[in-house]
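Q: build me a model:
(one chain, ligands or ions: 1)
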Amino acid sequence: MFQWRKRSRGAAASRWSAVLGSPERRVARTGLLGASLAALAMLLAALAPAAEAKPNNANCQGSFGNSISGFMSHDDQRRAVARLDRSPHIETEVVGHSNQGREIWTVRAGEGSTVMFIQGGIHGLEQHGTKAVLNLMQTLGDDSARSREIREALTVVTIPDINPDGSSVPQRQNMMPWSDVMEMHPQLPDQPRAWYFSNFRQGFDVNRDFNANLGYEPDPADLPGDSASFGFYITPEARTSRAVYGALESEFGLVDVFIDLHNQGSCHQVPDEERFSMLSISGRFLADPTAHGDWPLFDDDASRRINVAAYDALQRAGSGFGDITRYPQPPGLDLPGTALGSYALRGSAVMLFETSEGTNQNEMGFSVKQVEVGLTGIIDAITDGTLDDIDPDRYDEVPAR
Ligand SMILES: [Zn+2]
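A: You can find the predicted model right below:
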């Protein structure tokens, strides 16, 4: 596993032993006990409006087709990363490779003590985030006074495309037949296979391959598993994300913010069935955060605050940017094996962006911009010191999808 270059923060010393073992106890950032936050989360979930009990996607139109015109090819991404690398304020690195050997890059800017980790493209069909992240980093790498302020307050680390094999098909899954699994993990037999492996696609839903225990290695006794349990870090792609996250945790003590960028089918506003919502957001992915072991840093308030910061920025932007809905919530949704679910348990404030599929270039440009505006809202709130003033209960202002 790679390591970021070491910085002078005292908390960074020798975190790997803790990272690779069982969850450690650290002082919670907010001063509140994680357990009481978890209890609060459960209470709030229980009080959630009944409208949220309807099945996921009930008001969303089908899935997207295979059109990727307008998305960036892997070669396009390589060129964009090389261009960003010319900025004296940007560091780029090949931090890993996909199962088929494509590069997975990180693009990093800033020296601030708060760290924000943004990941795009984990589902190969969903690529608005890749472009948005590259645009954002171009801005953060420029010589403007504002970008310099942000770089002083924040360290922003991005993986523009964590699943380049899936993007190249395109398909939701990575490309990893089970024969490759047995080669990479000789302890695993041919059966049973992980529940999130697709025999049809010969690959994994990488966004179910995560585990809050960063030291986990695939154990045949745990397979096939299910959606209410952790994943197994079988795929090189999830293992690369884990390596980046773990190294940042070693460096900073806590990965303050983690954001995952996705696309969904076109969804109607609820209760207004005539209007479309171009973006759904969420900061909650676990029906019961206490059900997966002892994770004292889990911080539901921090997650809700960054969601509100993005929501407010998009409302201010006008021009349709503010037509946002809230993605289906727990307890109906329960996904500990997602990057968002697992990293939330480790204490990161987490946020999901689900842009609507773009059917033409204009809509795609809108969706990319919408992600940029939302991300910038969070960055501004951290940089200006206003994030902690946000009332996390305002999360409930975001209308249900
Ligand atoms: Zn997705």
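
Q: I'd like to know how far residue 256 sits from residue 275.
A: Here the criterion is C-beta to C-beta, to the nearest Å. By it, residue 256 lies 34 Å from residue 275. Just so you know, the C-beta spots here come from the backbone N, C-alpha and C atoms, and that holds for glycine as well.

Q: so for those two, which sits in the more crowded spot?
A: Counted by other C-beta atoms under 10 Å, residue 256 and residue 275 do not tie: residue 256 has more neighbours, with 24 against 12.

Q: nearest spatial neighbour of the more buried one, chain-adjacent residues omitted?
A: Spatial nearest neighbour of residue 256, excluding adjacent residues (C-beta to C-beta, 6 or more residues apart in numbering): residue 114 at 4.9 Å.

Q: give me the phi and psi angles of the one you found.
A: Main-chain dihedrals, residue 114, degrees, to the nearest 10: phi -100, psi 130.

Q: count of neighbours near it?
A: Neighbour tally, residue 114, other C-beta under 10 Å: 18.

Q: got the contact list for it?
A: The contact partners of residue 114, taken as C-beta atoms under 8 Å, 6 or more residues apart in numbering, are 153-155, 256-257, 382.

Q: what about 10 Å?
A: Contacts here follow C-beta atoms under 10 Å, 6 or more residues apart in numbering; on that basis residue 114 touches 153-156, 252, 254-257, 379, 382-383, 387.

Q: likewise residue 133?
A: 80, 107, 118-121, 156, 158-161, 259, 261, 368, 371-372, 375.

Q: looking at this, it is in a helix?
A: Yes: residue state for residue 133 (DSSP: H, G, I helix; E, B strand; the rest coil) corresponds to a helix.

Q: host element of the residue in the stretch 301-401 of the chain that the ion sits nearest to?
A: Residue of the stretch 301-401 of the chain nearest the ion, by C-beta to the ion: residue 354 (7.1 Å). Assigned by DSSP states H and E, residue 354 belongs to strand 349-356.

Q: list the buried residues for that strand?
A: Residues of strand 349-356 classed as buried by neighbour count (16 or more other C-beta atoms under 10 Å): 349-356.

Q: how far out from the middle of the chain is that strand?
A: Centroid separation between strand 349-356 and its chain, computed with C-alpha atoms, centre = their mean, to the nearest Å, is 7 Å.

Q: contact partners for the residue minimising distance to the centre of the chain?
A: Geometric centre of the chain, nearest residue: residue 260, 2.0 Å, by C-alpha atoms, centre = their mean. For residue 260, the contact set (C-beta under 10 Å, 6+ apart) comprises 117-123, 129, 162, 207, 241, 282, 285, 338-340, 343, 350-354.

Q: for the nearest residue to residue 162 once chain neighbours are set aside, give me the pLDDT.
A: What sits nearest to residue 162 in space, not counting adjacent residues and going by C-beta to C-beta, 6+ apart, is residue 122, at 5.0 Å. What the model reports as pLDDT for residue 122 is 98.

Q: ditto for residue 278
A: 83.

Q: from what I can see it touches residue 324, true?
A: Yes: with contact defined as C-beta atoms under 10 Å, residue 278 reaches residue 324; the gap is 7.8 Å.

Q: so which bits of the longest helix along the chain are buried?
A: Under DSSP state H, the helix in the chain containing the largest number of residues is helix 361-383. Using 16+ other C-beta under 10 Å as the test for burial, helix 361-383 gives 363-364, 366-383.

Q: that one to strand 349-356, inter-axis angle?
A: 170 degrees (axes from the mean of the first three to the mean of the last three C-alpha atoms, to 10 degrees).

Q: could you give the average pLDDT over helix 361-383?
A: Mean pLDDT, helix 361-383: 92.

Q: out of the contacts of residue 114, who's nearest residue 225?
A: Of all these, residue 225 sits closest to residue 255, with 24.6 Å by C-beta to C-beta.

Q: contacting residues around that closest one?
A: Per C-beta under 10 Å, 6+ apart, neighbours of residue 255: 114-117, 157, 244-249, 343, 346-350.

Q: please list the residues of the stretch 101-250 of the chain that sit near the ion.
A: Within reach of the ion by C-beta under 5 Å from the ion, the stretch 101-250 of the chain has these residues: 123, 126.

Q: which stretches of the stretch 101-250 of the chain form strands?
A: 103-109, 114-120, 154-159, 197-198, 203-204 (DSSP state E, counting those that start in this stretch).

Q: winner for burial among those?
A: strand 203-204 (a mean of 28; mean count of other C-beta atoms under 10 Å).

Q: parallel or antiparallel, list what pairs with that one.
A: Within its sheet, strand 203-204 is paired with strand 197-198 (antiparallel), according to DSSP bridges.
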